[in-house]
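Chemist: Here's my sequence, what's the structure:
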Amino acid sequence: MKKSLLLLLSVQFFVYLGFGIIIPVLPEVIIQQGWDEIHVGGLLTIYALASFFTAPFWGQLSDKFGRKQLILIGLIGFFLSFVLFSLFIDNLFMLYVSRIIGGLFSGALYTSVTGFIGDMSTNENRNKYMGFMGMSIGLGFIFGPAIGGMLGHISLQLPYTASAILIGILFFYALAVLKEPERRGEANKRAIVPTGASDLLRYRVRYLIIFSFFVTFTLAGVEATFQLFQIEKIDITPLQLGLLFLFSGFVDAAIQGGVIRRIKDGKESSWLIGAQLVTAVGLLLMTLTTNIVFAGFALCVFTAGNALARTCVVSLTSKESGGKYGTAAGLTYSMDNLGRIFGPLFFTSLFKIDLSLTYYVSIFIALIAVGLILLFKKSGNSLRAEHE
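Modeler: Presented below is the predicted three-dimensional model:
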């Protein structure tokens, strides 16, 4: 594998590891400092908000000034966000500043790395390279919470200090190794509202796009409240939570790598309904937690259903887009980000009202999402059929 590609994959891995590493540590920080639990949702939301609304801006800068420069700037900003979180872990205002900076510069890294890989690849190997990028993102999500939990068991600052050191090393390696690629296209600007969205939403694919919002919305809610809930139920530690997320991450990978490829064309909607029912069962089991093993089992059931739904809906949305793959992908990306923006704050607010309310509402949302798939199946307004 080319040195530059390996470096770019490392960048993506650390960006998403940085997002995941906070999950098992943040609730513990909030509780130890005696702050309101709503700030768990707030700090997760502000990161997603900053990343979402600045991605188009970073894409334009990447096209204008070059991929390498934006990657280096993004790494500096990401390094700074980890340093601030570690140094000011007892200052709530500075934690918000840290998360805003992290979200801002994660957008720079994502758009410039995607554009760089697009420039350095050909039509023959682009899918393979993008597949590698997706894998590195997935690994970051899997190992982020686990590393955060294990290092957080030693010291709550340690996950952020270690991440800052690794990002700093990555910066100097990128400075020495990366060469600006020959420009072959534009960076992925990830427009907030993709061009042609209104035309696409006239067809039944709109049900799938709304469905993707509900799936991510629920996932973001579980990420924000699962530890808070389990602290109350079984006094779970960051280390235990990190190990549970690691195990559930492998369940996620197994579903995406082993189950998805066995789904036959035309059967996706039935699998999506099944996925939501499994998700609902997992959420119900979470409310019945009595020990760490049961908590892990419930999380794995939820993860299996959610992973199946997330991957399957992307595939079906692509098929239903009638060849408008970019518009469909842009809308799905926007829905996913909106789920990560609103999910943490909404569900931590419910958690403050009642511990189990988060999961009862999530079960209701999972069943609403089943209704969307039934509406999709019933509708004959298919852009895919027109295109064919």
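Chemist: What is the three-state secondary structure of Ile89?
Modeler: Per DSSP: H, G, I helix; E, B strand; the rest coil, the local secondary structure of Ile89 is coil.
Chemist: number of nearby residues for it?
Modeler: 19 (other C-beta atoms under 10 Å). Placement of C-beta: from N, CA and C, glycine included.
Chemist: which non-adjacent residue is nearest it?
Modeler: Gln157 (5.5 Å; C-beta to C-beta, 6 or more residues apart in numbering).
Chemist: repeat for Gly282
Modeler: In space, and not counting its chain neighbours, Gly282 is closest to Phe302: 2.9 Å by C-beta to C-beta, 6+ apart.
Chemist: Let me know the distance separating that neighbour from Ser248.
Modeler: Distance from Phe302 to Ser248, counting by C-beta to C-beta, to the nearest Å: 8 Å.
Chemist: One more: Ile23?
Modeler: Here Ile23 is placed at a distance of 11 Å from Ser248 (C-beta to C-beta).
Chemist: ok, back up a step: and the residue nearest to Gly282, what does it touch?
Modeler: Taking C-beta atoms under 8 Å, 6 or more residues apart in numbering, we find Phe302 in contact with 222, 248, 278-279, 282-283, 285-286.
Chemist: Repeat that for Glu232.
Modeler: Counted by C-beta under 8 Å, 6+ apart, Glu232 has contacts Leu355.
Chemist: and the least confident of the contacts of Phe302?
Modeler: Least confident of these in the model: Ser248, at 87.
Chemist: for the stretch 1-150 of the chain, which spans come out with low pLDDT?
Modeler: 1, 55-56, 59, 63, 121-127, 130-131, 134 (pLDDT under 70).
Chemist: ok, which stretches of it are strands?
Modeler: Remark: no strands are assigned in the stretch 1-150 of the chain by DSSP state E, counting those that start in this stretch.
Chemist: quick one, helices of it?
Modeler: 3-20, 26-33, 38-65, 67-87, 92-120, 126-154 (DSSP state H, counting those that start in this stretch).
Chemist: for the fifth one, packing partners?
Modeler: Just to be clear, that refers to helix 92-120. helix 3-20, helix 38-65, helix 67-87, helix 126-154 (3 or more C-beta pairs under 8 Å, 6 or more residues apart in numbering; DSSP states H and E).
Chemist: report the angle between the axes of the shortest one and helix 67-87?
Modeler: Put simply, helix 3-20 runs at 30 degrees to helix 67-87, going by axes from the mean of the first three to the mean of the last three C-alpha atoms, to 10 degrees.
Chemist: Can you point out the buried residues in helix 3-20?
Modeler: Within helix 3-20, the residues that count as buried by 16 or more other C-beta atoms under 10 Å are 4-5, 7-20.
Chemist: which of those residues lies closest to Val314?
Modeler: Ranked by distance to Val314 (C-beta to C-beta), those are led by Tyr16 at 16.8 Å.
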